[in-house]
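Asker: I'd like to go over a predicted model; first the sequence, then the structure.
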Amino acid sequence: MDKERARKLIEQHEGRRNRAYADTKGIMTIGIGFNLEQLSARARIEALLVDYDALFDRRCALTDPQIDQLFGSDLDTALTEAAKLVPDFWNHPEDVQLAVVDMIFNLGGPRFSGFVKFIAALKAKDYLTAAAEMADSKWALVDVPNRAANDIALVRGCAT
């Protein structure tokens, strides 16, 4: 899979912000969807030699290279989770891989693993059913409908 294409897709969906902001669920976020409230956030921010509290309180900002460093690690994590959670992940079409990685980046591995019928359809390489399962979810209908529509189109486009 082309990691640059994945980066562009996720950045398109997440946006890029140098200062902290509350996301649609009220979670303090920065960069390209980096959750400042996750357990590892303080250590990861301080590893960048940035004052976590000042960043969280919007008194300072991250540079683009710092954002890219956080994002690169998070993208690698999403790819690792995808390979664990989706049977034969690397043998699916690239557009399916992209949609899965974007979903995992957005949802996290534990929530993504709840898409049991979607994952089963992927295992069967039934991309039309997989797209339908994505569309029939709170994630697509309520949480992130525009992002979901893009990911659904990627998967549906692989159906034969």
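Answerer: Received it, and whenever you're ready, just let me know what you need. Numbers count the residues shown, from 1 in each chain.

Asker: and stretch 132-143, how far from the chain's centre?
Answerer: Remark: stretch 132-143 is offset 15 Å from the chain centroid, using CA atoms, centre = their mean, to the nearest Å.

Asker: which residues touch the residue lying closest to residue 87 once chain neighbours are set aside?
Answerer: Distances taken as CB to CB, 6 or more residues apart in numbering place residue 123 nearest to residue 87, at 4.4 Å, with adjacent residues excluded. No exception for glycine: its C-beta is placed from N, CA and C like everyone else's. For residue 123, the contacting residues are 86, 87, 88, by CB atoms under 8 Å, 6 or more residues apart in numbering.

Asker: Just the pLDDT at residue 123, thanks.
Answerer: pLDDT for residue 123: 97.

Asker: For the strand or helix carrying residue 9, buried residues please.
Answerer: Assigned by DSSP states H and E, residue 9 belongs to helix 3-14. By 16 or more other CB atoms under 10 Å, the buried positions in helix 3-14 come out as 6, 7, 9, 10, 11, 13, 14.

Asker: which residues of the protein fall in helices?
Answerer: Counting by DSSP state H, the chain has helices at residues 3-14, 41-46, 52-56, 64-85, 94-107, 109-112, 116-123, 127-135, 138, 145-156.

Asker: For burial, what's the neighbour tally of residue 35?
Answerer: Per other CB atoms under 10 Å, the neighbour tally for residue 35 reads 17.

Asker: Find the centremost residue of the protein, please.
Answerer: Residue closest to the average C-alpha location in the chain (CA atoms, centre = their mean): residue 105, at 1.8 Å.

Asker: Just list the residues touching that residue, thanks.
Answerer: Contacts of residue 105 (CB under 8 Å, 6+ apart): 10, 14, 33, 74, 75, 78.

Asker: how does it look with 6 Å?
Answerer: 10, 78 (CB atoms under 6 Å, 6 or more residues apart in numbering).

Asker: Could you tell me which residues make contact with residue 35?
Answerer: Residue 35 neighbours (CB under 6 Å, 6+ apart): 27, 29.

Asker: Which residues does it form beta bridges with?
Answerer: Residue 35 forms beta bridges with residue 29, as assigned by DSSP bridges.

Asker: Against residue 73, how distant is it?
Answerer: According to CB to CB, to the nearest Å, residue 35 and residue 73 sit 13 Å apart.

Asker: Same check on residue 89?
Answerer: Distance from residue 89 to residue 73, by CB to CB: 19 Å.

Asker: what about residue 96, how many neighbours?
Answerer: Residue 96: 24 surrounding residues under other CB under 10 Å.
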